[in-house]
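Undergrad: Pasted the sequence and its predicted model underneath.
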Protein chains: 2
Amino acid sequence: MITELPPSLGVRGNEKIALDIINRIWGKRGVFTCTIGNTLTSTIPGVSEAGDTPELTLYTGPADAEYLVMGKVMCMKGIPINPGGIPTPATLTKAALELSRMPFCIINGGSKIPLNIPCIEVGGSCGDKITTGHTLKNVERSFEYGRILGEQLAASHDFVVISESCAGGTTTALAVLLAMGVIRENLVSSSSPKNPKQLKWDLVMEGFRNAGISIGDLADDPLKAIELFGDPMMPVNVGIVLGAAKHVPVIFGGGTQMAPLMAAAIKLDPSIVGNIMQGTTRWLLSDPNSSMVRIMEHISDSIPMVYINMDYSKSPYEGLQAYEWGFIKEGVGCGGSSVAAVIASEGRIDCDMLLDKVHELYKQIMNVD
Amino acid sequence: MITELPPSLGVRGNEKIALDIINRIWGKRGVFTCTIGNTLTSTIPGVSEAGDTPELTLYTGPADAEYLVMGKVMCMKGIPINPGGIPTPATLTKAALELSRMPFCIINGGSKIPLNIPCIEVGGSCGDKITTGHTLKNVERSFEYGRILGEQLAASHDFVVISESCAGGTTTALAVLLAMGVIRENLVSSSSPKNPKQLKWDLVMEGFRNAGISIGDLADDPLKAIELFGDPMMPVNVGIVLGAAKHVPVIFGGGTQMAPLMAAAIKLDPSIVGNIMQGTTRWLLSDPNSSMVRIMEHISDSIPMVYINMDYSKSPYEGLQAYEWGFIKEGVGCGGSSVAAVIASEGRIDCDMLLDKVHELYKQIMNVD
């Protein structure tokens, strides 16, 4: 029984529930999932920096998945970078998974580009632009497959981590949150320190006009909100949460893209509150241009935000220092997997170990010393 | 360190290696995989009894997988049965997985019928009839995906169990073994006590004629033998073994259908010997109409055959007693998962517990008291 968190972890929000959940899974065995998806939204210039160019954002998810599984990328040259050469947060995810030996599975929520790895299929496909007002097909099936998978994973693990790699995903997150009326202003994050908030807002409003939907209209129909404005990592992840969180704690591994999943999941099954928490990064929670904390105030006061206290400011590599300047911040479950690694190892894995491992991986993929 | 096996397990073949492997994974955490596949071979009347009719044999694999994951079958009515109402061995597999809480994943090696569950895709498809002399496509890709998956599973588990549900699979097994020259007579098993040995032999020989291949011609090219005469569970399973067995012990969960996989795997990487064993059933090893022991003499003297000592003779249900009369014997990794459950639980799970659980499951699915 721990009464306070190790220095590698911090909490925002409900500390009591955080400690309760963490105590129940301290030293236990979890499983990490990462769901890959795309919508064509990320190809609208200016929306997403999760990729060196708008076109390359479609390769970011598959490349992240290939990197996690194979340690190298097959679908494109190099690894996913943001403009300026800042490497994907999958480097931190991989560090956490390797150090903890946590089992993980990649789910193809709906990727435009084929994944060159064995992964779990759920019948999803790449979504359309958010401006169409109808982004997704097969939402019910992906959701149901997610639910089955959540049940299956919970039957053989002590906790489950969900996550995503889906470029343009903060825009779809914003749209689903607005459609559900969870928030009424743009509080979502961006992988760039210059969050293009007005552009995202305008695109979402165009989608709402084309769907004939106003803010809050879909408060009671989260799957409809996801079908009209969401991305393909959403239905399967909501399904996993509902399938798993009845049985074991679930960690939402990610930043503001997790918010619509939380809102949808607790709308569909309020009883899971108390068994779910967010796992994210210090970078995300200290972002001046978004506010997970304020979004959460509108979702629930009982979903703690647990973060990994990573600090790249003393890293010798500019590509990593950039995380301290507001780039990237979250993604590919880097926060959730790190939080899970600390918990599963009873604190043996800490931020220093993670940083050393990230450096080792960074050197390999960037071919530097 | 155990010096002898618990009464629930027995060994044929190399006991020293069996004890060495079992000691290395005693109380450790494994992962179970089951690869589903078909060839149209099973629809040739008389070949397969893994299904109530030749046509229904195509549903057996998907139905087994759905049953393991969901506890019910979606793709057909009822559960897979052999003629006479004998239920699928997946009942024992499910008992072992539930009691041990062992994580498992279903792989679609290549099923004719869609699987209504989330599962891992490897790019395979249903194979043609063995008589064509060219049963499979995409063997290299399935093999490579299997290898990647084997590496991934071994990175986060202490041992890996492979298995299959592929009707008609003893005929394809016979063909690959003959093509590789491992055996020169028909020693493979059948799910019926009346093993249609002559029919299988004739079909294989017709395939050989159409491919222009004689016994032993493909001794040095196991993947070619699999491409011409194999079934879609084979390439991915050989890949999993090669990816995993370099790192952790691998259990071949199954009967004589495992023989071509062993022969292929050690041909491609002889160094894995000492880290692999078979996990099967007493029923399979005591079958008078096949001989795993004699097949193994031709593969290696260093791959132990470890069996679960299940005995259904005192079961109140005829459908289960039939296992003692030579029906079913193996399949869906029922032996491998049971052996793994005993090992992972340090012997806490035994045959009595498995039998109780099988009865519980049997009552559910057969709607009896």
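TA: In hand now; what should we look at?

Undergrad: Could you tell me how many residues sit around the closest residue to A:Ile17 other than its chain neighbours?
TA: Spatial nearest neighbour of A:Ile17, excluding adjacent residues (C-beta to C-beta, 6 or more residues apart in numbering or on different chains): A:Pro304 at 5.2 Å. Glycine gets a C-beta too; all of them are placed from N, C-alpha and C. Neighbours of A:Pro304 under the rule other C-beta atoms under 10 Å in any protein chain shown: 24.

Undergrad: now A:Glu346
TA: Residues within reach of A:Glu346, counting by other C-beta under 10 Å, total 12.

Undergrad: Likewise for the one 10 residues further on?
TA: Here the number of neighbours of A:Asp356 (other C-beta under 10 Å) works out to 12.

Undergrad: Quick check, A:Asp158 in contact with A:Trp26.
TA: No: using C-beta atoms under 8 Å, A:Asp158 is not in contact with A:Trp26; the gap is 9.8 Å.

Undergrad: List the contacts of the most centrally placed residue in chain A.
TA: Centroid-nearest residue in chain A: A:Gly254, 3.3 Å away (criterion: C-alpha atoms, centre = their mean). When contacts are counted by C-beta atoms under 8 Å, 6 or more residues apart in numbering or on different chains, A:Gly254 touches A:162-164, A:278, A:280, A:330-331, A:333, A:335-336.

Undergrad: Can you tell me which of those comes closest to B:Pro87?
TA: The shortest gap between B:Pro87 and any of those belongs to A:Ile162, at 35.1 Å (C-beta to C-beta).

Undergrad: so how many other residues sit close to that closest one?
TA: 33.

Undergrad: Likewise for A:Phe208?
TA: A:Phe208, neighbours per other C-beta under 10 Å, totals 21.

Undergrad: and what of A:Gly331?
TA: By other C-beta under 10 Å, 34 other residues sit near A:Gly331.

Undergrad: contacting residues around it?
TA: Contacts for A:Gly331 (C-beta under 8 Å, 6+ apart) come out as A:50, A:64, A:88-90, A:164-165, A:191, A:254-255.

Undergrad: Recalculate using a threshold of 10 Å.
TA: A:34, A:50, A:60-61, A:64, A:80, A:82, A:88-90, A:92-93, A:163-167, A:169-170, A:189, A:191, A:253-255, A:257, A:281, A:284 (C-beta atoms under 10 Å, 6 or more residues apart in numbering or on different chains).

Undergrad: What of A:Val342?
TA: A:5-9, A:22, A:26, A:96, A:99-100, A:279, A:306, A:308-309, A:348-351, A:353-354.

Undergrad: OK, now which residue of the stretch 151-300 of chain A is nearest to chain B?
TA: Chain B sits closest to A:Ser156 of the stretch 151-300 of chain A, with a gap of 4.0 Å, by C-beta to the nearest C-beta.

Undergrad: Tally up the residues packed near the closest residue to that residue other than its chain neighbours, please.
TA: Nearest non-adjacent residue to A:Ser156, counting by C-beta to C-beta, 6+ apart: B:Pro103, 4.0 Å away. B:Pro103 has 23 neighbouring residues, counting by other C-beta under 10 Å.

Undergrad: State the distance from B:Pro103 to B:Ile25.
TA: Distance from B:Pro103 to B:Ile25, counting by C-beta to C-beta, to the nearest Å: 15 Å.

Undergrad: What is the nearest of the contacts of A:Gly254 to A:Ser125?
TA: Distances from A:Ser125 to the contacts of A:Gly254, taken by C-beta to C-beta, are shortest for A:Glu164, at 15.9 Å.

Undergrad: okay but the closest one is in contact with A:Gly230, surely?
TA: No: if you go by C-beta atoms under 10 Å, A:Glu164 and A:Gly230 don't touch, sitting 11.4 Å apart.

Undergrad: Just checking, which helix or strand of chain A averages the lowest pLDDT?
TA: Least confident helix or strand, chain A: strand A:81-82 with a mean of 82, by mean pLDDT, DSSP states H and E.

Undergrad: picking up where we left off before, so which of the contacts of A:Gly254 are in strands?
TA: A:162, A:164, A:278, A:280 (DSSP state E).

Undergrad: Would you mind giving those residues as CSV with distance to B:Pro288 added?
TA: What follows is those, written out as CSV (distance: C-beta to C-beta, whole Å):
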residue, distance to B:Pro288
A:Ile162, 51
A:Glu164, 55
A:Gln278, 60
A:Thr280, 62
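
Undergrad: so how far is B:Arg101 from the nearest residue to A:His247 once chain neighbours are set aside?
TA: Spatial nearest neighbour of A:His247, excluding adjacent residues (C-beta to C-beta, 6+ apart): A:Ala154 at 4.0 Å. Going from A:Ala154 to B:Arg101 by C-beta to C-beta gives 10 Å.

Undergrad: Who has more neighbours out of those two?
TA: A:Ala154 (21 against 15).

Undergrad: Which helix or which strand is home to the more buried one?
TA: For A:Ala154, the host element (DSSP states H and E) is helix A:139-156.

Undergrad: buried sites along that helix?
TA: Buried residues in helix A:139-156, counting neighbours by 16 or more other C-beta atoms under 10 Å in any protein chain shown, are found at A:139, A:141-156.

Undergrad: Send me it as CSV with only the CA atoms.
TA: Written as CSV, here are the backbone C-alpha positions of helix A:139-156 (Å, rounded to 0.1, in the frame of the first residue of the first chain):
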residue,chain,number,x,y,z
VAL,A,139,-18.7,2.9,-36.0
GLU,A,140,-21.0,0.3,-34.4
ARG,A,141,-18.8,-2.6,-35.5
SER,A,142,-15.5,-1.0,-34.4
PHE,A,143,-17.1,-0.1,-31.0
GLU,A,144,-18.4,-3.7,-30.6
TYR,A,145,-15.0,-5.2,-31.6
GLY,A,146,-13.4,-2.8,-29.1
ARG,A,147,-15.7,-4.0,-26.4
ILE,A,148,-15.0,-7.6,-27.1
LEU,A,149,-11.2,-6.9,-27.0
GLY,A,150,-11.6,-5.0,-23.8
GLU,A,151,-13.3,-7.9,-22.2
GLN,A,152,-10.6,-10.3,-23.5
LEU,A,153,-7.7,-8.1,-22.3
ALA,A,154,-9.2,-7.6,-18.9
ALA,A,155,-9.7,-11.3,-18.4
SER,A,156,-5.9,-11.9,-18.5
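
Undergrad: Quick one: mean pLDDT for it?
TA: Mean per-residue pLDDT for helix A:139-156: 98.
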